[in-house]
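Engineer: here is my input; please provide its structure:
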Amino acid sequence: MKRFLLLLIASSTFTIISASAHAKNAKCFYEVEGDTLLNDTCIFTPKGEGSFVLSGKSLSKSKDLSADKIYLNVVKPDVAGLSFTKGKKVTNDGVYLRDENDSACWESAEYPARLCVW
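Structural biologist: All right, here's what the predicted structure looks like:
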């Protein structure tokens, strides 16, 4: 388990540092324990292998979501690490699993949270 977490953190860091690909507008939704923290248009930037970054005014203007960017870094099929940045602060949110019923959505393996991008 420690090896997996180290790989997850290292991969998340790589995603944060890697260069941007083709960004586009997308519908973004993020919910934690039944509370919707984001349900708006955001900028979706793919990072390869299913990983992506979400950014835009809708993230920074949300009073409930303290983030400038959301990073989802796929570490193996259907398994990813999720992290947030606010200025220079990086917060790792743990392991997320792809939703079996909606491949545009990811769910926390640790608590009720869901991130979707359409």
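Engineer: what's the pLDDT at the residue nearest the centre of the chain?
Structural biologist: By CA atoms, centre = their mean, the chain has its centre lying nearest to Leu72, at 3.4 Å. Note for Leu72: predicted pLDDT of 98.
Engineer: how far out from the middle of the chain is the helix or strand hosting Asp40?
Structural biologist: According to DSSP states H and E, Asp40 maps onto strand 35-48. The chain centroid and the centroid of strand 35-48 are separated by 8 Å under CA atoms, centre = their mean, to the nearest Å.
Engineer: which neighbouring elements make contact with it?
Structural biologist: strand 24-32, strand 51-55, helix 57-61 (3 or more CB pairs under 8 Å, 6 or more residues apart in numbering; DSSP states H and E). In short, each C-beta sits where N, CA and C put it, glycine included.
Engineer: could you check how far the residue nearest to the centre of the chain is from Tyr96?
Structural biologist: As for Leu72, its distance to Tyr96 is 7 Å (criterion: CB to CB, to the nearest Å).
Engineer: same list (the helices and strands packed on strand 35-48) but as TSV, adding mean neighbour count, mean pLDDT and distance to Asp68.
Structural biologist: Output for these, formatted as TSV (neighbours: other CB atoms under 10 Å; pLDDT from 0 to 100; distance: least, CB to CB, whole Å):
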stretch	mean neighbour count	mean pLDDT	distance to Asp68
strand 24-32	17	97	14
strand 51-55	22	98	7
helix 57-61	15	88	5
